[in-house]
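# Compute the structure for the input listed below.
(one chain, ligands or ions: 2)
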Amino acid sequence: MSSSLLSGLNPEQYAAVTLPAVPALILAGAGSGKTRVLTTRIAWLLSTGQASQHGILAVTFTNKAAKEMLTRIAAQLPVNARSLWVGTFHGLCNRLLRMHWRDAGLPETFQILDSADQLSAIKRLLKALNIDDEKYPPRELANFINGNKEEGRRPHEVECWDDYTRQLKALYEEYERQCRREGVVDFAELLLRSYELLRDNAALRGHYQARFRYMLVDEFQDTNRLQYKWLKLLAGGGAAVFAVGDDDQSIYAFRGANVGNMRDFETDFKVDTLIRLEQNYRSQGNILDAANALIAHNRGRLGKNLWTDQAAGEPIRVFEAASDFEEAQFIVDEVRQLHREGQNLSDMALLYRSNAQSRVLEHALFQSGLPYRVYGGLRFFERQEIKHALAYLRLMANPEDDNALLRVINFPARGIGNRTLEILGETARGGGSSIWLAACSGGAGRSSAAVGKFVQLIEGMRAQMAGLNLTELVQLAIEQSGLIEHYRNDKEGQERLENLEQLVSAAARFIQDNEDSVTAFLTQASLEAGEHEAAPGQDALQLMTVHAAKGLEFHAVFLTGVEEGLFPHDNSLSSNEAVEEERRLAYVAITRARQRLYISLAQSRMLHGQTRFSIASRFLSEIPEDLLKWLNRGYAPAAMPTRKIEKTAPEHGLRVGANVEHPKFGHGVVVDYDGTGKSANVQVNFGAVGVKWLALDYARLTLI
Ligand code: ATP
Ligand code: MG
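Ligands and ions are numbered 1, 2, ... in the order given. Model prediction:
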């Protein structure tokens, strides 16, 4: 069996797959077979009897990738998917904490707060403490808390140099108290808690260190500090850690991921086996050339020379639309054409830098009737009605879950207003209890009748739970809560009703594939946030952010919105490191394509209710012209000079790409500038009015 497993690998891949039990780093470019090597190594270790299913732990970056990995292994060998520890960091940590909840100091049915839940928990906390949320914006506090947790720091370990940080630290502490009281755990906590569990519990640590003799990590360049420490701890008994990564695809620095981990890994684990894979098997020549040329603009790379023996293939198609609507229409037409030629929709992807861009694309797809699936953004499990239904389910499992309670205590409306909630909140805090207990003890003051009814409703639902399976429980939750009736009476509610029905189907399917457990189902819902929202098995076009496309590949890729300010993103323009991260992101996007790559941009698009003009991204000008085929070159270069894109803004602040308003010519976008001080000139494209050079001192331009 093992020989067929290994056939087709090139010599470096072969060497990597069949390495003995030593720590190793596989440093390799996009599409060079890193994931394939990692999966094949697992199959090889199992089939040659060197490792048992029990002894392997593999980490990937997304749930989708983890599933894919299990499928690939199962295709090669009979495996019991449950005994193999394959998953994301969050998934594996969750698994550990579920098994050892008592040792970890958690309630047995602890619930997971996704990022939106966390934000509302923080808002609630600030309100309770009477703290001005303009001075301490909830999102900033969330970043502070998550950032510290990802560095492994509890509140008492946070160093403070000023009053503001001292206050943030105090709030972090309060937030932890609230989470503990409510028995909830946020994403970063999953990791930190399981790290501490292993660190502080020698018996458990010893057990798992002895168990996982082989640890394999995909997308190693994007592990953050705490994930790295977690791995190091678990591998402390001498496990053979097999890490694969690509520094050019590090795209989570903003979230604390650290390419430095790759260098540390070599020293900390005394790695002397470093294998480079340089042959790309995914993309045709032109696509690979474009990617290589682009990434060459970054400094400080570890350096790789990626090549392919595939033909050059088709040129990269560039389409420059007048508006985002036209861009979307162009894509719909091309997708239709490719589909007619026999290409599966699911083998085509639409990629965008920011989630907000998907709306226009989705709208065009919706109108065209092309089936599509969105990864990221508002996924199935993030939709309002689904979150409401899950909140009822959570309350049935644990009525002291304050987040869930607050979400639905007055949804559907039952006359419980904010004032009542404040009173309940105060009673709860006064007695150090959950809001549920406050509600049960009549702590709602004069509005206690409405609250009493809610308590009865939940009690009633809980009383019926015995003997029901998960599907029946979901059914019970959506019917008796009044959600179904509510949406039935809502003119716009049809789609929501369908989603609720889908939730029942999701539960039924969950029981088939997993266990019949509400907690497990809720956990999966939080972790996956709906990665299988569209009808399973249906051929559908794939829409996702570039971040979500990591590790995937498609026959055709449409990279959209390739404009200054969008990609690279506005937020990154002031720092060279940030632009380099954007460039790596563009590199990831381009290297997803096997045969056909489209790059599109729009001269104007609606953003926040305003029309905004843009010019082509600097990244487009970094790709050699001879690899590109402009589909509508006619009006491209004159209106959209791409030559002068400065790294930092000029002193007057009107950088290329900036949107300006002129009293007479109206709205325009800066395309060039020269001179300084009194003799500074800027060139502005005013769309219909044309492109004009203006003396800045006289022009009365305002930046918008
Ligand atoms: P990424 O950096 O994007 O994650 P990767 O290095 O993990 O890419 P894979 O996804 O493992 O690359 O492989 C890319 C493609 O090349 C896959 O379709 C894979 O099946 C194919 N491939 C890898 N190695 C070989 C090989 N030796 N022969 C033929 N095809 C291969
Ligand atoms: Mg991969």
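# Please name the residues that touch the residue of the stretch 51-200 of the chain found nearest ligand 2.
The stretch 51-200 of the chain approaches ligand 2 most closely through A65 (7.7 Å), counting by Cβ to the ion. (Each C-beta comes from the backbone N, C-alpha and C, glycine too.) By Cβ atoms under 8 Å, 6 or more residues apart in numbering, the residues touching A65 are 35, 218, 551.
# can you check N344 too?
The neighbourhood of N344, defined by Cβ under 8 Å, 6+ apart, consists of 539, 555.
# the helices in the stretch 601-704 of the chain, which residues?
Secondary structure of the stretch 601-704 of the chain by DSSP state H, counting those that start in this stretch: the helices cover 618-621, 636-639, 696-699.
# What is the nearest of the contacts of A65 to ligand 2?
The shortest approach to ligand 2 among the contacts of A65 belongs to T35, at 3.3 Å (Cβ to the ion).
# if you skip the residues just before and after it, what's nearest to the closest one?
Nearest non-adjacent residue to T35, counting by Cβ to Cβ, 6 or more residues apart in numbering: D218, 5.7 Å away.
# re earlier: element containing the residue of the stretch 51-200 of the chain closest to ligand 2, please.
helix 63-76 (DSSP states H and E).
# Could you see whether ligand 1 lies near that helix?
No: judged by Cβ under 6 Å from any ligand atom, helix 63-76 stays clear of ligand 1, getting no closer than 8.8 Å.
# helix or strand right after that helix?
Next along from helix 63-76, by DSSP H and E: strand 85-87.
# Partner strands of that next one, with direction?
Using DSSP bridges, strand 85-87 pairs in its sheet with strand 56-59 (parallel).
# centre of the chain versus the strand it pairs with, how much separation?
With Cα atoms, centre = their mean, to the nearest Å as the basis, strand 56-59 stands 21 Å off its chain's centre.
# can you give me the mean pLDDT across that strand?
Mean per-residue pLDDT for strand 56-59: 96.
# Contact partners for T40?
Counting by Cβ under 8 Å, 6+ apart, T40 makes contact with 5-6, 9, 13, 17, 76.
# And it, how close does it get to Q221?
Per Cβ to Cβ, to the nearest Å, T40 is found 21 Å from Q221.
# Please name the residues that touch the residue nearest to T35.
Here D218 is in contact with 34-35, 38, 58-61, 65, 69, 244-245, 551 (criterion: Cβ under 8 Å, 6+ apart).
# got a pLDDT number for it?
96.
# Rank the helices and strands of the chain by mean pLDDT and give me the bottom one.
The helix or strand of the chain with the lowest confidence, counting by mean pLDDT, DSSP states H and E, is helix 636-639 at a mean of 41.
# how about the helix holding A65: buried residues?
Of all the residues in helix 63-76, those buried under the rule 16 or more other Cβ atoms under 10 Å are 63-70, 72-73, 76.
# tell me the mean pLDDT over that helix?
83.
# go on, stretch 458-466?
Throughout stretch 458-466, pLDDT has a mean value of 95.
# burial count for P20?
8 (other Cβ atoms under 10 Å).
# Now Q249: closest residue in space, sequence neighbours ignored.
V588 is the one closest to Q249 (Cβ to Cβ, 6+ apart), at 5.2 Å.
# Over to C93?
Closest residue in space to C93, ignoring its immediate chain neighbours: S194 at 4.0 Å, by Cβ to Cβ, 6+ apart.
# Please determine how far that neighbour is located from A525.
S194 is 20 Å from A525, by Cβ to Cβ.
# quick one: contacts for the closest residue in space to A328 that isn't next to it in sequence?
With Cβ to Cβ, 6+ apart as the criterion, A328 has its nearest non-adjacent residue at 3.7 Å, and that residue is A364. By Cβ under 8 Å, 6+ apart, A364 lies in contact with 325, 328-329, 331-332.
# most neighbours, which of the residues you listed?
The most crowded member of the contacts of A364, judged by other Cβ under 10 Å, is A328 (26 neighbours).
# From what I see, that one and L361 are in contact.
Yes: in this structure, A328 is within contact of L361 by Cβ atoms under 8 Å, at 5.0 Å.
# For V691, state which of the contacts of A65 is nearest.
Distance to V691, by Cβ to Cβ, is smallest for G551 among those, at 42.0 Å.
# Quickly note the distance from the closest residue to that closest one other than its chain neighbours to E219.
Closest residue to G551 apart from its sequence neighbours, by Cβ to Cβ, 6+ apart: A65 at 5.3 Å. As defined by Cβ to Cβ, A65 lies at a distance of 8 Å from E219.
# anything in contact with each of those two?
Jointly contacting A65 and E219 under the rule Cβ under 8 Å, 6+ apart are G551.
# just to revisit the earlier point, so the residue of the stretch 51-200 of the chain closest to ligand 2 versus L5, what's the distance?
Distance, A65 to L5, by Cβ to Cβ: 20 Å.
# now do G690
On the measure of Cβ to Cβ, G690 and L5 end up 64 Å apart.
# next one: V22
Computed as Cβ to Cβ, the V22 to L5 distance reads 20 Å.
# Please list the residues of the stretch 251-400 of the chain that sit near ligand 1.
Checking the stretch 251-400 of the chain against ligand 1 by Cβ under 6 Å from any ligand atom, the hits are 281-282.
# can you give me the helices for the stretch 301-450 of the chain?
Applying DSSP H, counting those that start in this stretch to the stretch 301-450 of the chain gives helices spanning 324-340, 358-368, 384-397, 402-408, 418-431, 435-440, 448-463.
# want to throw these into JSON lines with distance to ligand 2?
Conversion of the helices of the stretch 301-450 of the chain to JSON lines gives the following (distance: least, Cβ to the ion, whole Å):
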{"stretch": "helix 324-340", "distance to ligand 2": "25"}
{"stretch": "helix 358-368", "distance to ligand 2": "24"}
{"stretch": "helix 384-397", "distance to ligand 2": "30"}
{"stretch": "helix 402-408", "distance to ligand 2": "35"}
{"stretch": "helix 418-431", "distance to ligand 2": "47"}
{"stretch": "helix 435-440", "distance to ligand 2": "45"}
{"stretch": "helix 448-463", "distance to ligand 2": "45"}
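# can you tell which of these is closest to A293?
For A293, the closest of the helices of the stretch 301-450 of the chain is helix 324-340, at 23.9 Å, according to Cβ to Cβ.
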